[in-house]
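Peer 1: need coordinates for the following:
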Amino acid sequence: MNLVPLQDRVIVKPAPPEEVTKGGIIIPDTAKEKPMQGEVVAVGPGKMGEDGKLIPMTVKVGDRILYGKYSGTEVEINGEQYLIMRESDIFAIIK
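Peer 2: Modelled structure (predicted):
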């Protein structure tokens, strides 16, 4: 990918929405919810603190994360969907 995020921004590949519930019910396209987890594919260098020092990023490329339902900006690159969001929009890293 030829996209490099700036400052404390992260590029995320969203997980595909669930097709079937755990109970076996097939979910139609109109009822599928946006995924709230994904994989980090690019990370910016970090944010500058008030003292002028760089605050390093907590997440790294390859981390699986949880984020808010309406977090980030959706972009399409080479036919693939991605989200660009700030690190502060990320709730947790999935271990």
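
Peer 1: all contacts plus neighbour counts: C-alpha atoms, from now on.
Peer 2: Will do.

Peer 1: now do the SS call for the most far-flung residue of the chain relative to its centre.
Peer 2: Among the C-alpha atoms of the chain, the one farthest from their average position, using CA atoms, centre = their mean, is that of D51, at 28.3 Å. Under DSSP: H, G, I helix; E, B strand; the rest coil, D51 falls in the coil class.

Peer 1: need phi/psi at it.
Peer 2: The phi/psi pair for D51 (degrees, to the nearest 10) reads phi -90, psi 0.

Peer 1: next up, the contacts around it.
Peer 2: Shown here is D51, which makes no contacts under the criterion CA atoms under 8 Å, 6 or more residues apart in numbering.

Peer 1: how far away from the center of its chain is the helix or strand hosting M85?
Peer 2: Per DSSP states H and E, M85 falls inside strand 80-86. Taking the mean of its C-alpha atoms, strand 80-86 sits 6 Å from the chain's own mean (CA atoms, centre = their mean, to the nearest Å).

Peer 1: give the buried residues for stretch 60-78.
Peer 2: With burial defined by 16 or more other CA atoms under 10 Å, the residues of stretch 60-78 counted as buried are 63-67, 72.

Peer 1: mind putting those in JSON lines, pLDDT and distance to Q81 included?
Peer 2: Rendered in JSON lines, the data for the buried residues of stretch 60-78 read as follows (pLDDT from 0 to 100; distance: CA to CA, whole Å):
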{"residue": "D63", "pLDDT": "93", "distance to Q81": "17"}
{"residue": "R64", "pLDDT": "94", "distance to Q81": "16"}
{"residue": "I65", "pLDDT": "93", "distance to Q81": "16"}
{"residue": "L66", "pLDDT": "92", "distance to Q81": "17"}
{"residue": "Y67", "pLDDT": "92", "distance to Q81": "16"}
{"residue": "G72", "pLDDT": "87", "distance to Q81": "12"}
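
Peer 1: wait, which of these is closest to I11?
Peer 2: Within the buried residues of stretch 60-78, proximity to I11 (CA to CA) peaks at G72, which comes in at 9.1 Å.
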